[in-house]
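*Asks:* Predicted model, plus sequence, below.
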Amino acid sequence: MQSMMATDRDRNDLLILVDGLDRQTGTATKWQAHADGLLHRAFSVVLVRDGERGQELLLSQRALGKYHSGGLWANSCCSHPRAGEDTLDAAYRRVREELGCEAKDLREVGSFVYRAEFANGLCEHEYDHVLVGTCVGTPQPNLHEVSEIRWIEANELAAELALRPRQLCAWAPMVLSIALRHL
């Protein structure tokens, strides 16, 4: 199994293990949670802005060095709250860390559980909270996290979800579908 491409601090972050109702059952390191496929709390942020033709959503392409799904497109930002950290607080923190901008008025619009196994032996098994908010400022992505960003109009995104699913991370179609229903 390949090692995760992360700093020692990131690899050893304690994540919140949960049951199918998102009730905390314990903690595990990020490495352990992904190596053993343990169900843990996560969040996916979708940032929006007003474009010329309506609302646009910010998509990010995962950096090639990520421990899985490198080069695939996802919603704006994804991560996990650390043990003892509120999910919303973690989301604001990660938007700053990954995208170099601020989020405003994040609100949860849905959640779901998914499991995705990767060729390197790692597994995402997450109770994922979908958060939508406004992008404040111009994103300046952290290239260790995000290789590229792009804004896409809501109607164009709906078509892209149907036409190019292989270019998206495992969780992205569900996250983006939930977000589109709440714009």
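*Replies:* All right, it came through fine.
*Asks:* Walking through this protein, point out its strands one by one.
*Replies:* Taking DSSP state E as the criterion, the chain contains strands spanning 14-18, 24-29, 40-51, 54-62, 73-74, 77-79, 102-117, 123-136, 146-153.
*Asks:* Would you mind saying which of these lies nearest A170?
*Replies:* In terms of C-beta to C-beta, the element of the strands of the chain nearest to A170 is strand 102-117, at 3.6 Å. Backbone N, C-alpha and C define where each C-beta goes, glycine included.
*Asks:* contacting residues around the closest one?
*Replies:* Strand 102-117 has contacts (C-beta atoms under 8 Å, 6 or more residues apart in numbering) with 20, 22, 37, 39, 45, 47, 88, 91-92, 95-96, 123-137, 170-171, 174, 178-179, 181-182.
*Asks:* among those residues, which ones are buried?
*Replies:* Among the contacts of strand 102-117, those scoring as buried are 39, 45, 47, 88, 91-92, 95, 123-133, 135, 170-171, 174, 178-179 (criterion: 16 or more other C-beta atoms under 10 Å).
*Asks:* tell me the contacts of V146?
*Replies:* When contacts are counted by C-beta under 8 Å, 6+ apart, V146 touches S60, Q61, R62, A63, E98, L99.
*Asks:* Leaving out the residues flanking it, which one is nearest to the fourth one?
*Replies:* In other words, A63. Among residues not flanking A63 along the chain, S147 sits closest, at 4.8 Å (C-beta to C-beta, 6 or more residues apart in numbering).
*Asks:* so how far is A103 from that neighbour?
*Replies:* For S147, the distance to A103 equals 20 Å [C-beta to C-beta, to the nearest Å].
*Asks:* quick one: I152 from C101, how far?
*Replies:* For I152, the distance to C101 (C-beta to C-beta) stands at 17 Å.
*Asks:* These two: which is more packed in?
*Replies:* Just comparing I152 and C101: by other C-beta atoms under 10 Å the higher neighbour count belongs to C101, 20 against 17.
*Asks:* so what's the more buried one up against?
*Replies:* Taking C-beta under 8 Å, 6+ apart, we find C101 in contact with L47, V95, C135, V136, G137, T138, P139, Q140.
*Asks:* Dump the residues you listed to TSV, plus distance to K30 and pLDDT.
*Replies:* Shown next, in TSV, are those (distance: C-beta to C-beta, whole Å; pLDDT from 0 to 100):
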residue	distance to K30	pLDDT
L47	24	98
V95	19	98
C135	26	98
V136	28	97
G137	28	95
T138	29	96
P139	24	97
Q140	25	97
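*Asks:* okay if I get these as a markdown table plus distance to R166?
*Replies:* Compiled in a markdown table, those are given as follows (distance: C-beta to C-beta, whole Å):
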| residue | distance to R166 |
| --- | --- |
| L47 | 24 |
| V95 | 27 |
| C135 | 27 |
| V136 | 32 |
| G137 | 32 |
| T138 | 30 |
| P139 | 25 |
| Q140 | 29 |
